[in-house]
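Chemist: need a 3D model of the following:
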Amino acid sequence: MLGRNLRFAGPKFSGIAHNIADPLANMFPLAAFIPSGNPDISASPKPDIMTKLIVFNQVSLDGFIADAKGDMAWAHRDDAEWKAFSSENAMGEAMLLFGRVTYQMMASFWPTPYALQISAEVAKRMNSLPKVVFSRTLETASWNNTKLVNSDLAGEVRKMKKDTGPQMVVMGSGSIVSQLAQEGLVDEFQIVVNPIVLGNGKSMFAGIKERLKLKPTRTRAFANGNILLCYEPAA
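Modeler: Presented below is the predicted three-dimensional model:
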């Protein structure tokens, strides 16, 4: 299955995003995290360099991207520093990659007037950026500027990495992260560790059969307790 179950609390919208509220734009900055401050991520790649694939996810202190019920409300951090971080990063250029569940949740929220009201800059960027959804079951993808791919995930991403388009960012999808990481296709992991222990839940690395050796590249601590950790594959 490409994607995973995500649940939120708040007003209702169409699609599977039945419960999405104000927290989405801030607790889910992976929806707003199109890196702009790092030239290695936002700058257009040179013709002889393969397009970079970045994974951004929020995790609990014990390493889960969602609790056992798929809830991610624990990742909500509604403070000025975090909002500024999300808004600033939303100004960069990237192609967004989604699994089916994450895509349907995003597509049910960001095009709405409510999303524009609570987070105008992020909503505009999310709606305009190029997007790819990987799914074996979807027949159409109506969100603006979205391409639907039903074929082999790893094979298609290998082709995309050879293009000279914008950098690719996987946000919020668990199973496609594990599949791409296992194939050695992820160039950077950007992980936000939240100061909470869930005890049980879902890992974005479930199904990995071989160890992934990584090297740290940079970190950033936030006043709300979040810590951004960035890693690249070790040589």
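Chemist: going by C-alpha atoms from here, please, whenever you check contacts or count neighbours.
Modeler: Noted.
Chemist: where along this protein do the strands fall?
Modeler: Assigned by DSSP state E, the strands in the chain fall at 53-59, 95-99, 131-134, 146-149, 168-171, 188-193, 214-221, 227-233.
Chemist: tell me the mean pLDDT for the first one?
Modeler: Across strand 53-59, the average pLDDT comes to 93.
Chemist: ditto for the third one
Modeler: If you average the pLDDT over strand 131-134, you get 95.
Chemist: please name the strands paired to it in the sheet, noting orientation.
Modeler: Taking DSSP bridges as the criterion, strand 131-134 sits next to strand 95-99 (parallel), strand 146-149 (parallel) in its sheet.
Chemist: which of these comes out lowest on mean pLDDT?
Modeler: Ranked by mean pLDDT, those bottom out at strand 95-99, which scores a mean of 92.
Chemist: list the buried residues in stretch 120-132.
Modeler: 120-127, 129-132 (16 or more other C-alpha atoms under 10 Å).
Chemist: with just CA atoms, put stretch 154-167 into PDB.
Modeler: Extracted C-alpha coordinates of stretch 154-167, given in PDB (Å, rounded to 0.1, in the frame of the first residue of the first chain):
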ATOM      1  CA  ALA A 154      11.000   2.800  -7.400                       C
ATOM      2  CA  GLY A 155      11.400   2.500 -11.200                       C
ATOM      3  CA  GLU A 156       9.400   5.700 -11.800                       C
ATOM      4  CA  VAL A 157      11.400   7.600  -9.200                       C
ATOM      5  CA  ARG A 158      14.600   6.500 -10.700                       C
ATOM      6  CA  LYS A 159      13.400   8.000 -14.000                       C
ATOM      7  CA  MET A 160      12.400  11.200 -12.300                       C
ATOM      8  CA  LYS A 161      15.800  11.600 -10.600                       C
ATOM      9  CA  LYS A 162      17.400  11.700 -14.000                       C
ATOM     10  CA  ASP A 163      15.300  14.700 -15.000                       C
ATOM     11  CA  THR A 164      16.600  18.200 -14.500                       C
ATOM     12  CA  GLY A 165      13.400  19.500 -12.800                       C
ATOM     13  CA  PRO A 166      13.000  20.800  -9.200                       C
ATOM     14  CA  GLN A 167      14.100  18.800  -6.200                       C
END
